[in-house]
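Participant: Sequence below, structure please.
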Amino acid sequence: MHLIHGKILHQDRINKFLKKKLHNSNSQNTIHEATTYALLNGGKRFRALLIYAIGEINATDKTNLDFIAASIEIIHAYSLTHDDLPDMDDDSFEEGLPSCHIKYGASQAILAGDGLQSLAFEFLVSPEFIINDAKKIDLITFFRKL
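Facilitator: A predicted model of the protein is given here:
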């Protein structure tokens, strides 16, 4: 029961963090809409849960965990967005909703996925993500291999 309660709390935390960061963007165009749609599709956020669990074991600042968890969720959304495309797996649904390319078209989905990949690394170099630069480089190197 504790794990389920913790999972819900972490899902809530990462979703609020992602929404806040995406809504702070000045972009209000179709690609931004497609990017937001692909990322905030109601996924389980299991990867974020693992980041928070490991961070709690190591007593890591939750704000820093937010940036790491968000980055890994963004990379996951990018991979799903591109994987669902007609020339790949051609999946019409993701998490019970129309895939990004179904809702916005393949071209917009490709651009949204590309933007998500860049956004994940932008989160890791953010000045708000307060860890030393050597650790940021380690994280970027790790995420680049995903």
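
Participant: Next one: Asn41 from Gln117, what distance?
Facilitator: Asn41 sits at a distance of 17 Å from Gln117 (criterion: C-beta to C-beta, to the nearest Å). Glycine gets a C-beta too; all of them are placed from N, C-alpha and C.

Participant: For stretch 120-129, give me every contacting residue.
Facilitator: 21, 63-64, 67-68, 70-72, 74-75, 78, 136, 139-140, 143 (C-beta atoms under 8 Å, 6 or more residues apart in numbering).

Participant: Then stretch 135-144?
Facilitator: 68, 71-72, 75, 120-121, 124-125, 129.

Participant: This structure: helices as residue ranges?
Facilitator: Assigned by DSSP state H, the chain shows helices spanning 2-23, 30-39, 46-57, 62-83, 100-104, 106-124, 133-144.

Participant: So which elements touch the third one?
Facilitator: The criterion is 3 or more C-beta pairs under 8 Å, 6 or more residues apart in numbering; DSSP states H and E, and the helices and strands that helix 46-57 contacts are helix 2-23, helix 62-83.

Participant: got a winner among the contacts of stretch 135-144 for most neighbours?
Facilitator: Ser71 (26 neighbours; other C-beta atoms under 10 Å).

Participant: contacting residues for that residue?
Facilitator: Neighbours of Ser71 in contact, by C-beta under 8 Å, 6+ apart: 120-121, 123-124, 139, 143.

Participant: quick one: the residue nearest the centre of the chain and Glu33, what's the gap?
Facilitator: With distances taken as C-alpha atoms, centre = their mean, Ile74 lies nearest the centre of the chain, 2.1 Å away. Per C-beta to C-beta, Ile74 is found 16 Å from Glu33.

Participant: Over to Leu40?
Facilitator: For Leu40 relative to Glu33 (C-beta to C-beta), the value is 11 Å.
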